[in-house]
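1. Got a sequence here, can you build the structure:
(chains A and B)
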Amino acid sequence: MLSTIVFLPALGAVIIALFLREPRKIRFTAAFLTFVVFALSIYVFAQVDPSQSPSPFIEKYSWIPTMGIQYYLDVDGLSLPLVLLTALLGFCAVLASWNIQLRVKEYFIWLLVLETGVMGVFTALDFFLFFLFWEVELIPMYLLISIWGSGRKEYSAMKFLIYTITGSALMLVGILVLYFSSPARTFDMLQLAESGAQPALLTSQAVFFLLFFAYAVKLPVWPLHTWLPDAHTDAPTAVSIMLAGVLLKMGGYAMIRVSVNMFPEVASSYSWLFASLAVINILYGAVVTMKQQDMKRMIAYSSVSHMGYVLLGISSMGKIGLTGASLQMFTHGTITGLLFLMAGLIYDKAHTRHIPDLGGLASRMPLMAVVFTIAGLASLGLPTTSGFVAELTVFLGTFSVWRVATILGVIGIVLTAGYMLWMLQRIMFGPEKERFAKIGDATAVETVPMLALVAAIMVVGIYPRLLLDVFSAGIAPIIGRLG
Amino acid sequence: MRTVDLYYLSPEISLSILAFAVIILDLFVQRKGWLATVSLLGLFVPTALTLALWGVRTTAFNGFLIVDEFSLFFKLLFIVVAALVILASQDYVSKFPRMQGEYYALVLLAAVGMMLMAASGELITIYIALELNALSLCALVCFLRDARSSEASLKFLLLSAISSAVMLYGMALVFGLTGSTSLRDIAAGLVPLKRLLDEPALLLGLTLIVAGFGFKISTVPFQMWVPDVYEGAPTPITAYLSVASKAAGFAVILRVFYIAFGGMDLDWGMLFAVLSAVSMTIGNIVAIAQSNIKRMLGYSTIAHAGYLMAGLASVSALGIGGEFLGPSGVLFYLGAYAMTNLGAFIAVIAISNKTGSDLIADYAGMARRTPALAFALAFCLISLVGIPPTAGFVAKIYIFNAAVQNGLVWLAIIGVVNSVISAYYYINVVRVMYLRPAASEEAVPSTMALRSALLISVAGVFLLGILPGPLMRLANIAVSVLPVP
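-> Below you'll find the model as predicted:
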C-alpha cells in the first residue's frame, strides 16, 4: 500500500513518457493518478492508529544485504499527516498546472517524479532510502524551475540545486558516521534512535550539525534561506505550491525525526540556538516580506517567517511545542499552497505580479477574492482557521521554556497581519482599474484545488484534534527519549 | 610450464586469437561491417572461458599468473567494456578508408593487456602487460590521423614511455632490495625491513612505482596527458581509455600493494588519501572551465580517479561480513563508473556524428532534437554527480562509507564537497541540452548499434542504482582473495 502511494506517481511518469502524446490525455492521467494517491492516503490515514508502532502498512525487506540496507517504509503519527498533505498538494498541483502549454509531457513527468520523491522522504524509515528519496527530488525540481519558471529562472534553479546538494552532501557524511557507530551496522532509523547515537569518529555535536545543516537549508533557517525567495518566485505556480507546501516540510520533518529523535541530548543543549534562530527567522522574514512588491516573492518571504514558528516549536523540546511545530508544518502547507495558487491564478489572468500595478480585482473575481482573503486570514492566524491552532499550540509549548522568544514570536503575528491585510487590500480592493476590466473569475478546474485547500484549512481550524491527536501520538516516543 | 597453465591462460589466448582472426578476416571480406560482428560474437569465447574458471584459485606459470576471482572479475569487466566500445565504434570506424580490421584487433589486444595486468603476480609480467595495453591504445589514439589525433598519440606515447621507465626504475630498486620480482617473494623479502623509512631506497622504489601507476589511473600529479589525449583520440577510444585502462591500473595497484607491500609497517593508505583529495579537487575545479565535452569528461575522469583512491586509502575498513570495504568499494565503483562513463561517451559519439562538434555549446536544444539521447546523456551525467537512482549514487556512498569506516571522515567530507562542485559542470550540460534553444531542428539519427550500446549502459546505470546487491557481492568475493594487510 505504501509502495503504491510512493511509486504510483513515478509509474504515471513512465506511462506518460512512453505512451501518451496528447496534452489532454497527459493532464487527465496525471490528475487521475494523483487523485488515486490522495484517496489511498486518506484510506491509510483513517486505518492507522498512530499510537501503534509499527503500523499495519509496514513494508520491510532486505534490499542491499552487503551493507545492511533495508527497503523499509512505514508511517507513524509524525509522518501520516505529511503524507496526506503531500497527496493533497500533489493533486492540487496537477490541477494548478492545467494551463501549462509549454512542453506539457515533460512537465507532468517531472511533476509526478517530484511527488514520488517527497512521498518517499516521509515514508522511508531506512536512512539510506530516506537519503535516496531526499536526493531524487533535486533533478525534477531543477528542471521544473529552470524550464517552466519565469524571471531569473536558471539562476534560481541552480541556486536551489547547489544549496540543497551541499546540505545533503554533508548529511551523507553524518549518516555514514552514524551507520559506522551503530553496533548493529544498520541504517534503520528507529533502531538508530533507540540505541542512542553515540558516534565513534566524531563528537555527537559534529554529527548532529552535519545532519542539521541539510535540514536547516531545507526548512529554511536564516541565514541559509536565500535560495528560497528566488526559487519560489521564479518557479511556476504548481511548483511553488509543492516547494512551499511540502518540500520545506522535509526539513522540519527531518529535524524532528532525526535531529531531535536521534540526538535528544545535543538537541536539548542547543535549543537556545534554535530559539534564537527561530526568532530571527520570524521577525527578519516578516520585515522583509513587508518590503516586497512582487506577490510571489512576498509569499515566499512570509514562508521564511512562518517556518520560523516550526523551529520555535522544536526549540521547546516539549510535547506541546513539537506537536505545534508539526501542526504548523501541515497548516503552512495548505495555507501557503493556497496563497501560491491564488497568486498564480491572478498572474495568469492579470499578467502581472507587481502588487502596485494590481488593485480592485475583487469585483472582477469575487470567488477568488474570497478564497484569497481566507488564505490571508488563515496565514495571520485567525481563529477557526488552522493557522490559529498551529501557532497557538507552538506558543503554548514554548512560552514556559523560552519566554522572550515566544513574545517576540507573537510580534511576528502582528507583522503578518500587517503585510497580509495590506497585500489583500492592494490587490483585491481599492478602485477598479481599466486594464483589468476584461478578466474573469476562476474556471471550474481552478476552483477544485482552491476549495479543497480551503476545506483543509477550515476543517483543521474547527476540529484540530483530527491532526493534533495524530501528531502528539507520533511525538510521544520522541518525548520519551528527551526525558 | 604445465599444460593446465594454458587452460588458466585461455581467456587471454582466445582473445589474442580473435584479434588476429579479425585482421586476417579483414583481408578477405568486402563488407567491413562483418568485422565488428565477428569481434563481438568472438568475445563470447573468452567470456565463457572466464566464467568456467570462476571459483578456481591457483597460480600458473610458476606464479607469474594468478587465477582467482579478483582477476576474473576484472577480465569480465574488460570484456564487457570492450564489447560496448566495439558496438559504439562501428559507426565511427566505417568512415575509415583503411585498416578497420586493425582497429578492432587493437581494441581486443588492449583488452588482452589489461586482462594480463589484472592477473599477473609478478613485476615483469605486469610491465609487459602494461606495455601491450599502452602500445595498442597509443596506436588507437592516432587512428583519426589528423593533427590533433597524432599529437595526442605522440603525447600519450612519450608520457607513457616516461612513466614506464620511472616505474621500471622503481621495480628495479624493489628487486634489488628483495631479490625477487614475484609479489609474494617481495612481501617475504620485506619482512626483515619492516619499516619503510629505515630504507630510503625502498621508499624511492615505492614512490616511483606509484608514479608509474598514477599515470595509468590518471591521478594528479600525473594527469597532464589526459585532456589533450581525450580530446584528440577517436571518441570510442577515449571512452575505452577512461574506463578500462583506469580499471586495469587500479587492479594492478590493489594487487601490488596488498600482496607485496601489505605487510609493511607503513600507512601507504595515507599516501593514497592525500592523492585522492588532491586529485578530485583539481579535476573538478578545472573541469568547470571546460567548453569541450571530451575535455570536460577528461577532467572529470581525473576527479573520479580521486574518488576511487578513497577506496585505496581505506585499508583497514571492514564491512558487515568482515570483507575489505576499501578494495570492494573500488571494484564496485569501477563497475558503476564503466557503465556510466561509457553511456556518456556513447551519447557524445552519437551526437557528434551528426553535429561534428564536441563543444558543449553545440548541445543546445538536444532535448528537442533527440529526446532519447539527451535523456540518456543526462542520466549518465546525473550518475556522475552521484544523484539517485543511478549507479554513481550507490558507488559514491559505498566508497565514502569505506572511507568513514576507516576513520577518514575528512576525506569523505572533501569527497562530498567535491560532488557538489562537480554537480555544477555536469548539470550545466543538462541545462544546455534542456534549456537552450536548438541551433537547428534537424533530428539526430543514430545507428542500431549505437542505440543498443547506449541502452545497455543506461540500463546498467539504472539497475546498479536500484539493485546494487549482486555486484557488491561479486566485488566482495573478488577482494576476499587479497591477503590481510
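
2. just for chain B, where's the confidence low?
-> Within chain B, the segments meeting pLDDT under 70 span B:193-198, B:263-267, B:485.

3. Let me fix that, I meant to ask about the stretch 351-483 of chain A.
-> Filtered on pLDDT under 70, the stretch 351-483 of chain A yields no residues whatsoever.

4. How far away from the center of its chain is stretch B:205-225?
-> 14 Å (C-alpha atoms, centre = their mean, to the nearest Å).

5. Just the buried positions in it, please.
-> Residues B:205-206, B:208-220, B:222-223, B:225 are the ones in stretch B:205-225 that count as buried (16 or more other C-beta atoms under 10 Å in any protein chain shown). C-beta: built from backbone N, CA, C; applies to glycine.

6. need the residues of chain B near chain A, please.
-> Counting by C-beta under 8 Å from any C-beta of the partner chain, the residues of chain B close to chain A are B:319-321, B:323, B:367, B:382, B:387-389, B:393-394, B:397-398, B:400-401, B:404-405, B:407, B:409, B:412-413, B:416-417, B:419-420, B:423-424, B:427, B:430-431, B:434-435, B:468-469, B:472-473, B:476.

7. Drop anything exposed from those.
-> Buried, going by 16+ other C-beta under 10 Å: B:319, B:323, B:367, B:382, B:387-389, B:393-394, B:397-398, B:400-401, B:404-405, B:409, B:412-413, B:416-417, B:419-420, B:423-424, B:427, B:430-431, B:434-435, B:468-469, B:472-473, B:476, out of those.

8. On the three-state scheme, the residue of the stretch 201-350 of chain A found nearest chain B is what?
-> Using C-beta to the nearest C-beta, the point where the stretch 201-350 of chain A gets nearest to chain B is residue A:201, with a distance of 5.3 Å. Assigned state for residue A:201: coil (three-state reduction, DSSP: H, G, I helix; E, B strand; the rest coil).

9. so what's it up against?
-> Contacts for residue A:201 (C-beta atoms under 8 Å, 6 or more residues apart in numbering or on different chains) come out as A:177, A:180, A:181, B:404, B:407, B:409.

10. Turn those into a markdown table, columns for secondary structure and distance to residue B:57.
-> Below are those laid out as a markdown table (DSSP: H, G, I helix; E, B strand; the rest coil; distance: C-beta to C-beta, whole Å):
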| residue | secondary structure | distance to residue B:57 |
| --- | --- | --- |
| A:177 | helix | 36 |
| A:180 | helix | 31 |
| A:181 | helix | 35 |
| B:404 | helix | 31 |
| B:407 | coil | 31 |
| B:409 | helix | 35 |
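
11. From those residues, pick the one nearest residue B:126.
-> residue B:407 (30.8 Å; C-beta to C-beta).

12. What distance do you get for that closest one to residue B:316?
-> 8 Å (C-beta to C-beta, to the nearest Å).

13. just residue B:325 next, same as before
-> 9 Å.

14. List the residues that are in contact with both of these two.
-> residue B:406.

15. Which one's more surrounded, the two?
-> Neighbours were counted for residue B:325 and for residue B:316 using other C-beta atoms under 10 Å in any protein chain shown; residue B:325 has more, 30 against 15.

16. got the contact list for the more buried one?
-> B:314, B:317, B:318, B:319, B:398, B:401, B:402, B:405, B:406.

17. Flag every residue of chain A that's near chain B.
-> Near chain B, when you scan chain A using C-beta under 8 Å from any C-beta, you find A:63-68, A:106, A:128, A:131-133, A:135-136, A:138-139, A:142-143, A:146-147, A:154, A:158, A:161-162, A:165-166, A:169-170, A:172-173, A:176-177, A:179-180, A:185, A:201-202.

18. Inside helices: which ones of the residues you listed?
-> Residues of the residues of chain A next to chain B located in helices (DSSP state H): A:106, A:128, A:131-133, A:135-136, A:138-139, A:142-143, A:146-147, A:154, A:158, A:161-162, A:165-166, A:169-170, A:172-173, A:176-177, A:179-180.

19. ok, of those residues, which come out buried?
-> For these, buried by 16+ other C-beta under 10 Å: A:106, A:128, A:131-133, A:135-136, A:138-139, A:142-143, A:146-147, A:154, A:158, A:161-162, A:165-166, A:169-170, A:172-173, A:176-177, A:179-180.

20. Pull out the buried positions in the helix or strand that contains residue A:425.
-> Using DSSP states H and E, residue A:425 sits within helix A:403-428. Buried positions in helix A:403-428, judged by neighbour count with 16+ other C-beta under 10 Å: A:405-406, A:408-409, A:412-413, A:415-417, A:419-420, A:423-424, A:426-428.

21. Tell me the one among the residues you listed nearest to residue B:275.
-> Once C-beta to C-beta is applied, the member of the buried residues of helix A:403-428 that ends up nearest residue B:275 is residue A:405, at 49.1 Å.

22. Name all residues that make contact with the closest one.
-> A:275, A:276, A:278, A:279, A:312, A:315, A:398.

23. The residues you listed: which two are farthest apart?
-> Going by C-beta to C-beta, the pair spanning the contacts of residue A:405 furthest: A:276 and A:398, at 12.4 Å.

24. more neighbours, these two?
-> When residue A:276 is set against residue A:398 and neighbours are counted by other C-beta under 10 Å, the residue ahead is residue A:398, at 28 against 17.

25. wait, the more buried one sits on residue A:409?
-> Yes. Counting by C-beta atoms under 8 Å, residue A:409 is a contact partner of residue A:398 at 7.4 Å.

26. now, which of the contacts of residue A:201 sits nearest residue A:332?
-> Nearest to residue A:332 among the contacts of residue A:201, with distances taken as C-beta to C-beta, is residue A:177, at 31.8 Å.

27. ok, the residue lying closest to residue A:227 once chain neighbours are set aside - contacts?
-> In space, residue A:227 comes closest to residue A:163 once its chain neighbours are excluded; the distance is 4.2 Å by C-beta to C-beta, 6 or more residues apart in numbering or on different chains. Residue A:163 sits next to A:217, A:224, A:226, A:227 when contact means C-beta under 8 Å, 6+ apart.
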